[in-house]
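# Predicted model follows, preceded by the sequence.
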Amino acid sequence: MKRSNLCVFVLLLLSGLAFANAALANTAQKAEQSSPNNGQSTSAPAQSAQPTGDGVFKANCGRCHVPPMVIPPRITGTVLMHMRTRARLSRQDEQLLLKYMAP
């Protein structure tokens, strides 16, 4: 008798999980269909824009530093190399920042 109760419980649990999974899939499908861009990514146009030194500074350095930073031109490269490793910047971002901070 106990074994049959356990089997019924397991069957009810599995059917409930299947129902919940179907409901979630239906909700996700409706959300995808109702999106204004019909499933197309909106990040593609943003990636085509060329980054600038100002944008890189605001996105990375601006978290801790005030934008009009004054660093003597002699040490700007050294500071940027140090901060590149700290902020995990790419080589391209480092070059853009160098041109921005020491034109």
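Okay, I see it.
# Show me the contact partners of stretch 66-75.
F57, K58, C61, V79, M101, A102 (Cβ atoms under 8 Å, 6 or more residues apart in numbering). Just so you know, the C-beta spots here come from the backbone N, C-alpha and C atoms, and that holds for glycine as well.
# buried residues in it?
By neighbour count on 16 or more other Cβ atoms under 10 Å, the buried set for stretch 66-75 is empty.
# Next, the distance between the ends of it.
The first and final residues of stretch 66-75 sit 18 Å from each other (Cα to Cα, to the nearest Å).
# Closest to F9 out of the contacts of stretch 66-75?
K58 (57.0 Å; Cβ to Cβ).
# Show me this protein divided up by domain.
Listed domain ranges for the chain are 1-37, 49-101 (source: automatic domain parsing).
# Only the buried subset of the contacts of stretch 66-75, as a PyMOL command please.
Here is the PyMOL command that selects the buried residues among the contacts of stretch 66-75 (16+ other Cβ under 10 Å):
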select buried, resi 57+61+79+101
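# Give me the average confidence score over the helix or strand containing L6.
Taking DSSP states H and E as the definition, one finds L6 inside helix 2-34. Here helix 2-34 scores 68 as its mean pLDDT.
# Check the domains of the chain for me and report the most buried one.
domain 49-101 (a mean of 13; mean count of other Cβ atoms under 10 Å).
# okay, how far is it across that domain, tip to tip?
Domain 49-101: ends 21 Å apart by Cα to Cα.
# If you average the pLDDT over that domain, what comes out?
On average, domain 49-101 scores 85.
# ok, of the contacts of stretch 66-75, which one's closest to L89?
C61 (9.0 Å).
# Tell me how far the closest one lies from C7.
63 Å (Cβ to Cβ, to the nearest Å).
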